[in-house]
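> Okay, structure incoming, though there's no sequence with it:
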C-alpha cells in the first residue's frame, strides 16, 4: 500500500486502479519516493469533486486533497440544485460527463421544472436534494473513479519551480506542502478552496475563523497566494438557520408539490430514482412587519450587515431585504433537507442576527410560531482572488499550471462551482499532456459566459448565473447542451465516455434529419387546417406552408403532426426526447437563423488570438491610451473578442492591437526562419565532426 | 499562441484564404455575417460619391437597386439606373462595380456605387440600401476589420489604416454627439431608457418570477411601455422632418478665456456681426453658430462662452455648453489675449484645453487645434515676444486685421485635412443610420407583441434595445441587472 510520512488517512480510490502507485513503488528499489501525481485537486466541494473526476476521466492520475473525507460532496448551504440559469449550467456539466446532474437524479426529494410557461430556452430544472444521500452518492462515485486517489490533509503551501520558457508566468507549481510538512508533487494543481481562504464566520457580533461551521479555515495558503502577488478581495455570503421539522405547523401553510412526471437533470437518465408520489412537498410562508421590526431594532448587534465588505446587489439576507425593500412581505420557502431529516431549510431567511434573536424572529412568522432553531444562521466572509488573474482555461497568469475553480474566483452557488470545476479539471489534465486548452466560448454555453465574464470583467459581488447575462440565450438551451458540448468534450478534451458520445451523435444527426424532413413537407395552409383542425393556422396566405412552420404553433406537437402526416413523420415520435426537441427547434427556428450571424461575428473575433506574453504597459509602437493599457494588462484577454468586451477598450484600440500583433508576428516569423537556419548549420557541423 | 498567430499570418500572406480559423473545435470557419454599407468618399463638395457594400447580400442588393437588370460583369464598370426598391422611384444613373469575393477589398462580395455627389442622391441611395433585408450601415472600422480578418490587407496598408480607423471612430463619436445633441438625441435617449427598463422587467420576470415574489403586473406594465414606445417611434418615423436638420460642414469652435476676443474673430471670419462684442468679460453666454464658407470649405463656426469658473448660473451654463461643443469640434480655434498671457485664466486655459489636445500625437487624434494670440496690436513692437514656452501659434489682431491672411492660410490647410478625410462620417450617413436603427427597433417591437414564448418576446426586446443603443451608446447586461436589483427584491 502506498504510504508517506505522517500524512492523514489514505482512502483508496479504486482497488482496480491501485496499480499505479504500486507500480511506481515496485519499479523503485528501496526508499519510499515522494508521491507524484499528474493533477492535485485541493478541496472536495462542488468544484473540487468535478475537477478531480474530470481530470481522472481525461486520463490523469489525480489526487483529491480534502480536510475531511466525510465532507466530500457536502451541500453547505441550500438543500437544492438547479434553477433558472443554474439548471442550464448543470446540463452543460452533464454534457461534459460531470457528476452533479447524475448524483442529483439519484438524490432528489422534490423535482420541479421552473418557468414551464415561459419558453423552453429558459426552463429551469431544479430539485430539492437529500443532503445525506447526495453526499453518500457523491462519495461512492468519487471513491470508485479510476485514476483518482483521495487523501485527507490540509495544504499549507505550494511548491514552486522555474517557469517553462514557452509559457508566461513567473514560476510553475510542482506540488503542495501539507500542514504536517509532508510534500506531494504534481504536474498541475487546482485550488477549489471555496470560502476557506481566511474564512470567518459571523453570528451577531461574534466572529470566529472557520471555512464552514465546524471546519478550519486555510490561512497559510491564503498568505502564500498573497505573497505570490495575487490580488485578493473579500466577499461575504450567508446561510439561514435550520429549523426542527416537527416544530412547524405545516397545516396552515401553502403546500407545493413536485412535478409529475419528474424531469431528470442528466441526458443519460430517462427517469429519476424516486416516483413523484413518494417525493416531499415544500411549503410557502411570508415575513411580516414584526420581522422587519426585529431586524431594524437590532442592527447594532449585527456586524455582518454593518461591515463594509461589499455584499451583492441582490438580496441574500433577510436583513438586506428589510433594509432595501421595507414594508413588504418577503417569501420564505420551507424546504425539506432530506427523506429522513428532521430539519427544514427556510429559504429566504439567511441571517446573521445573534442566535437568540433568530429564534425570536422566526417565531413571528406564520406556521413557525413554535419553531425550534436547531442551528443558527450565520454569515461567512472570505478571500477571493480577482478572476481577471486567470485565463479562460482557469489557469493563473502568475503561476504556471496552477488552476482556480469555484468560490475562490468570486462566484456563488453549487452549479457555478461545478461548472468551473469541470473546466479546470479538463484543462489541468490537458496541460499535463501538452494539448491545447479546452475553452467554452460565450457562443457555446453558459459555462463560457460565466468564465468569460469572470476573466474579462472580474466581479465585485458573488457572481451568480442569470439567463439575462447570456446574449445567445435562445441558442444555449437546456435541451441542446449535449449537441453543443458533448461532441467537443469527447474530441477536444477526452472527458466524455464513448457511450455518452454515441448517444449525443445519434441525437444530433436525428435532429438534423428531422428538421430537414419537416422543412421538405409543404402543403397549402387550407390543407394543414383540415389535417390539424385544432391548430389556429391562418388560411389567408396562399403560399405553401412547411411542416416545420406548423410545428411552431403552440397547440401543435410532433404527435399531432405525425398523426396528420404519418409518413415520414411517425418515426420521429418514437423517441420522446427527440420529438420534444424537434418541437423546441421549430419554436426558435427563425430567430436562431438571425442569431447565427451574430454568433459567427463573435466567433470570428474570438479566433483572433492575442499573444499571452504581451506586456501592455511597456509595448511601444502601438498607440494605446494609458487607461486601455492598464485594463488590458490586468485582464490579459486572450482574444480580440475578449478584449473588445472589456469596458473602455475602444474599436480604435482593437485595431491598433491587431496591427501590433501582426507586425510582431512578422518579426517573430523572420526570427524563427533565421534560427532554423542556425539549427541546420549546427547539425551539419556535428555531422562533419563525427565523420572526422 | 504565438505559433497559432504565425500560422494565421502566413496564411494571410499567402493569399485570399480565410485568416480566421476556429480555435480548437472542428466547426467550419465562420462566415462573414451581415452585409454592411457606407459612404466611402469624403464629405464636402465632390462630383462623385462612392458608396460601398461588403458581405454576402451585396450581389442581391445590387440586383434589387438595378432591377430588372442582372449583375454586371465582375470587376467591370457598368452604367445602371438605380431606383428605390420600395417606391420604384429612380435615384440616379450611376457607375456600378461588382466585385465577387474573394477578389475584393474585404475579401467578401463587394459592390461600389459611383453616384452623383449631391446630398439628395447620396441620401436616397443610402436609404435604399438600408431598406434591403440583411443590409445595415457599417460600424466604425468595420470594412477594415473585415479586410483584415480575411487577410486582404498587407502590413503597410494596415499601418496606414489603423490611424485612419482611429480618426474614423473619433469622428463618429463626435458626429454622434452632435446628432444626439438636441431634440433627436433627447428622444433617442428617452426611448432607450424606457426600453431598457421594460426589458429589465421582462428579464426579471424570466430569471426570478418563479421563485421570488415580484410584484403583480410586471409584465403588463412592460407591455404598456412597449406599446407606447411603438406608437412614438412609428410617429417619429412617419414624420421624417423632425429633429433632422442637417448640420453639414466641418465644425470649427472658437474657444478661450473670457474677453480674449473670440466673438470678434467670429464676426471677422463670417464678415457679419454674428456675436455681440464688448470689452466686458463674459459677454457671450450661449453657443452661437453660423454657417460660413472658409477658404472654400463649408464650415459651421461656433462662438462660445469664455471658459472660467465661479460665475453666475447663466454664464456657468454657457461654459458647460462651450465645453460640450468643444468635444464635438473638428477644429478648435483656441484664442488667448497676447497681452494677458500670464493671467491665471490664460495659464489655466493653456494647461487644460491646449495641452490636452496638443498632447495627443497627430496620428492619434483627429481633433485639430490652432492656437491664436489676439490683440497683437497691444504688444509693444520692440518688446519681447509672447513667451518662448508657448506651443506653435499665430499672432492676430482682430482690431487691425493684421495676421488675418496667415490665419486664413492655416485654416485652409487644416480644413483641407478635415474635409478631405474620407473617413469622417457625413451627416447623410448618420441620418441613414438613425433611420435604419429606428426602423429596426420598431420592427423588433412588433415581434415582441406577437411572441407567446416569453424567451422569444424578450429576445425581440433585446434586438430592439440593441438598435437604440447603437445610436445612444451603452447597452450592457450590467445596466439590466442594476435595474432588476434596484426595482425588485430578489436573490437568496
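On my side now, so go ahead. Please read all numbers here as calculations on a predicted model, not as lab measurements.

> What residue in chain B comes nearest to chain A?
Relative to chain A, the nearest point of chain B is residue B:491 (2.9 Å; CB to the nearest CB). Quick note: C-beta positions are derived from backbone N, CA and C, even for glycine.

> so the closest residue to that residue other than its chain neighbours, which of the three states?
Counting by CB to CB, 6 or more residues apart in numbering or on different chains, residue A:314 is the residue found nearest to residue B:491 once chain neighbours are left out, at 2.9 Å. Here residue A:314 is recorded as coil under DSSP: H, G, I helix; E, B strand; the rest coil.

> So what's the residue count around residue A:314?
23 (other CB atoms under 10 Å in any protein chain shown).

> what about the residue of chain B closest to chain A, how many neighbours?
Other residues close to residue B:491 by other CB under 10 Å number 22.

> who's in contact with it?
Going by CB atoms under 8 Å, 6 or more residues apart in numbering or on different chains, residue B:491 touches A:312, A:314, A:315, A:316, A:464, B:208, B:212, B:485.

> Report whether it is found in a strand, as I expect.
No - under three-state DSSP, residue B:491 falls outside any strand and is assigned coil.

> Any figure for the gap between it and residue B:211?
Noted for residue B:491: a distance of 9 Å to residue B:211, by CB to CB, to the nearest Å.

> just the buried members of the contacts of residue B:491?
Applying 16 or more other CB atoms under 10 Å in any protein chain shown to these, the neighbour count classes A:312, A:314, A:315, A:316, A:464, B:208, B:212, B:485 as buried.

> Residue A:266: which of those residues is nearest?
Nearest to residue A:266 among the buried ones among the contacts of residue B:491: residue A:464, at 22.8 Å, using CB to CB.

> Remind me which helix or strand residue B:334 belongs to.
strand B:331-337 (DSSP states H and E).

> starting at the chain centroid, how far to that strand?
24 Å (CA atoms, centre = their mean, to the nearest Å).

> Sketch out the helices for the stretch 251-400 of chain B, chain order is fine.
Counting by DSSP state H, counting those that start in this stretch, one finds helices in the stretch 251-400 of chain B at the ranges B:262-270, B:313-327, B:344-349, B:355-359.

> Show me what the mean pLDDT comes to for the first one.
Read it as helix B:262-270. Mean per-residue pLDDT for helix B:262-270: 85.

> ok, now the shortest one?
Per-residue pLDDT values across helix B:355-359 average out to 67.

> Residues of the stretch 151-300 of chain A that sit close to chain B?
Residues of the stretch 151-300 of chain A lying close to chain B (CB under 8 Å from any CB of the partner chain): none.

> Centre-most residue in chain A?
residue A:419 (1.9 Å; CA atoms, centre = their mean).

> Please identify which helix or strand holds that one.
Residue-wise, residue A:419 maps onto helix A:414-432 under DSSP H and E.

> how far is the following helix or strand past that helix from where the chain is centred?
Downstream of helix A:414-432, the first helix or strand assigned by DSSP H and E is helix A:446-452. Distance of helix A:446-452 from its chain centroid, counting by CA atoms, centre = their mean, is 8 Å.

> is helix A:446-452 anywhere near chain B?
No - Helix A:446-452 lies out of reach of chain B by CB under 8 Å from any CB, never closer than 9.4 Å.

> Next: stretch A:589-596.
Yes - interface with chain B: stretch A:589-596 contributes residue A:591 (CB under 8 Å from any CB).

> What of stretch A:522-534?
No - using CB under 8 Å from any CB, stretch A:522-534 stays clear of chain B, with a minimum separation of 15.9 Å.

> Just give the number of residues close to residue A:650.
For residue A:650, using other CB under 10 Å, the count is 20.

> Likewise for residue A:627?
12.

> I'd like the mean pLDDT over stretch A:263-278, please.
Per-residue scores along stretch A:263-278 average to 96.

> how long is that stretch end to end?
15 Å (CA to CA, to the nearest Å).

> what's the distance between that stretch and the middle of its chain?
Using CA atoms, centre = their mean, the offset of stretch A:263-278 from its chain centre is 22 Å.

> any idea how chain A splits into domains?
A:36-76+A:133-237+A:382-466, A:242-378, A:511-604, A:626-685 (the TED database).

> Any chance of these in TSV with distance to residue B:393 as columns?
Below are the domains of chain A laid out as TSV (distance: least, CB to CB, whole Å):
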stretch	distance to residue B:393
domain A:36-76+A:133-237+A:382-466	45
domain A:242-378	50
domain A:511-604	47
domain A:626-685	28
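
> Where among those is average confidence lowest?
It's domain A:626-685: among the domains of chain A, that one has the lowest mean pLDDT, namely a mean of 72.

> Who are the packing partners of the strand holding residue B:334?
With contacts taken as 3 or more CB pairs under 8 Å, 6 or more residues apart in numbering or on different chains; DSSP states H and E, strand B:331-337 sits against strand B:250-255, helix B:262-270, helix B:344-349, strand B:368-374, helix B:404-420.

> Could you say which of those is packed most deeply?
Highest mean neighbour count of the helices and strands packed on strand B:331-337: strand B:250-255, a mean of 25 (counted as mean count of other CB atoms under 10 Å in any protein chain shown).

> Report the angle between that one and strand B:368-374.
With axes from the mean of the first three to the mean of the last three CA atoms, to 10 degrees as the basis, strand B:250-255 and strand B:368-374 are set at 40 degrees to each other.

> Who does strand B:250-255 pair with, and is each partner parallel or antiparallel?
strand B:297-303 (parallel), strand B:331-337 (parallel) (DSSP bridges).

> what's the most buried one of the ones you listed?
Using mean count of other CB under 10 Å, strand B:331-337 ranks as the most buried of those, with a mean of 24.

> and it with helix B:404-420, angle?
Using the same axes, to 10 degrees: strand B:331-337 against helix B:404-420 is 150 degrees.

> hang on, the earlier thing: need the buried ones among the contacts of residue B:491 in JSON lines with distance to residue B:146, can you?
As requested, those are exported to JSON lines (distance: CB to CB, whole Å):
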{"residue": "A:312", "distance to residue B:146": "40"}
{"residue": "A:314", "distance to residue B:146": "40"}
{"residue": "A:315", "distance to residue B:146": "46"}
{"residue": "A:316", "distance to residue B:146": "45"}
{"residue": "A:464", "distance to residue B:146": "37"}
{"residue": "B:208", "distance to residue B:146": "40"}
{"residue": "B:212", "distance to residue B:146": "44"}
{"residue": "B:485", "distance to residue B:146": "38"}
